[in-house]
Structure formats: structure tokens, C-alpha cells
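> Sequence plus the predicted model coming up.
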Amino acid sequence: MAENKTTNKILSVDIGGSHIKATVLDQEGKILQAYERVETPKSPNPKNVMLVIQELASRFPEYNNISVGFPGYVKNGVVKTAPNLGTTEWADFDLAKEVEKTLKCPTKVVNDADMQGLGVVSRKGLELVITLGTGFGTALLQDGILLPHLEMAHHPFAKKKTYDNYIGEKEMDEIGKERWNNRIKKVFEVLKTVFNYDHLYIGGGNASKLDFELDKNMTVVTNKDGIKGGARLWDK
């Protein structure tokens, strides 16, 4: 890795249940090098995921900070839960320390929805970010400041199903897109009542499968938009 001390260049990595993505950003979140992605290992344990991160990092020769979005609960860079990757192997794994040691660069690790939230919000008012992917991710921000992370995905929603069980990718494949969209509508009504947000941002690989008209204060965002949150983690 080559360093450039005059300009902060951030390697931003987004770990997902199906793909791991990366790019290099400047401090403002502008993409400096083409977005790359590879499939998440079939056995997504820490060792295999670290190998993918190393492979992706080798495609980006110049950066001096690293941001990682992880699909689970992360506390001070340490993974606590990893529902879609296997919590048993990931529990208490210090991902920030391991990435920093391996790539020899200062590293910050947060929940993937939190990182996406930092990348897409307007920083005005109470903004809720959700991700519709392998599972259901959430982030809540007030005037651009991340609020404490809640693993809403594992909260019961209906008939003993959690949000993950009710609208996750596996369930969508099983019940079909029409029924899945009807369920999403029900979830949106609950989110409106519970959070009273000023704006809702909808990301994740399955956001493009929504087939109904959204409210004026709802916006679909892309993974490329979300990965820009890696720059804001290093905001002074």
C-alpha cells in the first residue's frame, strides 16, 4: 500500500451476505477508483472474509485509512453478532484490529447499515436508513449523527417472525415478489409509526424490487451511494 499524506484516501469496504464490495474515496466521499466486488465466500468465517478483503485491497494501491461496513452488531470495532455470516465464529472477533494489522492502516468498522446511512443522509432532521438484502438492516441518524445501533432485524414482527424472517431475501424467494411487496408495505407502515422519521432511505440489493409508489419522504439509494459513508467515518 502506498500512502499519500497530503490527501486522505479511504479504502471503503462493504461486507454483505452475497458480495463484498470496495472502492477508494476522498474525504468528501467522491469515488477515486472504480468500484470492485467479489462474491462472499460460501463459508464466510473470519479467515475467509479476511482473505477476500486482502484480495480487494490489493486492487487499490493507494489509501491511508480504511472503513468497513459489517452485517451485524459491532461495538468498538469488535463483532458481536453476524446473523447472515455465522455468529458463532464471528462473536467477539476484533475485525478492526485484524484488518489494521493485516493491511497496516488505521481502520474503523461499523454496522453496514450505519455506514450506508452516513453515506446517503441529508444531515437534516431524523433520518432512517434501511437495507433490503440478505437480511434487514437499519440505521438511525439525527442531523447526520449516528444514534445507537439497534438490531431491528431480530425484533419480532408477525407470527413469531422477525423482520429478517418476514422480509429477508430467503423469504422473498419463497413467497414471491408480489407477496413480499405487500409485506414491505406493512413494514413501512410500522416504521412510520414507530420512528416518525423525517426521511426514509431504502438501500440494499432488493430495494430495486419494490413495485409500489413510495411516499415523498422516501428515497431508494444504491450500494454505491452507501459505500460513500466510509469517508464520513473519518470526518473530523
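That came in fine, so what should we check first?
> buried stuff in whichever strand or helix holds residue 102?
Assessed by DSSP states H and E, residue 102 sits inside helix 95-103. Buried residues in helix 95-103, counted by 16 or more other CB atoms under 10 Å: 95-96, 98-100, 103. (C-beta placed from N, C-alpha, C; glycine too.)
> Now find how far off-centre it is within its chain.
With CA atoms, centre = their mean, to the nearest Å as the basis, helix 95-103 stands 19 Å off its chain's centre.
> Could you list every helix and strand that that helix packs against?
Applying 3 or more CB pairs under 8 Å, 6 or more residues apart in numbering; DSSP states H and E, we find helix 95-103 packed against helix 46-57, strand 65-70, strand 78-79, strand 107-111.
> which one of these is the most hemmed in?
Compared across those, strand 65-70 shows the largest average neighbour count, a mean of 27 (mean count of other CB atoms under 10 Å).
> After that strand, which helix or strand is next?
strand 74-75.
> Quick check: closest non-adjacent residue to residue 121.
Distances taken as CB to CB, 6 or more residues apart in numbering put residue 127 closest to residue 121, at 4.5 Å, once the chain neighbours are dropped.
> Residue 77 too?
Leaving aside its chain neighbours, residue 77 sits nearest to residue 96 (2.7 Å; criterion: CB to CB, 6+ apart).
> Would you confirm that the one you found contacts residue 105?
No - checked against CB atoms under 8 Å, the pair residue 96 and residue 105 is beyond contact range at 11.0 Å.
> still on that earlier bit, what's the helix or strand hosting the residue nearest to residue 121 packed up against?
Using DSSP H and E, residue 127 falls within strand 126-132. Identification of packing neighbours for strand 126-132 by 3+ CB pairs under 8 Å, 6+ apart yields helix 112-120, strand 136-142, helix 177-195, strand 199-203.
> mind running it again at 10 Å?
helix 112-120, strand 136-142, helix 163-167, helix 177-195, strand 199-203, strand 218-220, helix 223-226 (3 or more CB pairs under 10 Å, 6 or more residues apart in numbering; DSSP states H and E).
> Now do the buried residues in the longest one.
Using 16+ other CB under 10 Å as the burial criterion, the residues of helix 177-195 that qualify are 180, 183-184, 187-188, 191.
> Show me which residues of stretch 33-43 are buried.
Buried, per 16+ other CB under 10 Å, within stretch 33-43: 33, 36-37, 40.
> Not counting its own residues, what contacts whichever helix or strand residue 36 is part of?
Assigned by DSSP H and E, residue 36 belongs to strand 31-39. Strand 31-39 has contacts (CB atoms under 10 Å, 6 or more residues apart in numbering) with 7, 9-14, 16, 18-26, 52-53, 55-57, 59-63, 223-224, 227-228, 231.
> Give me the buried entries from those.
9-14, 16, 19-25, 52-53, 56-57, 60, 63, 223, 227-228, 231.
> just checking, which of these belong to strands?
In this view, the buried ones among the contacts of strand 31-39 that belong to strands under DSSP state E are 10-14, 19-25.
> helices or strands up against the worst-scoring helix or strand of the chain on mean pLDDT?
Within the chain, no helix or strand scores below helix 223-226, which has a mean of 81 by mean pLDDT, DSSP states H and E. Helices and strands touching helix 223-226, by 3+ CB pairs under 10 Å, 6+ apart, are strand 10-15, strand 19-25, strand 31-39, helix 112-120, strand 126-132, strand 199-203.
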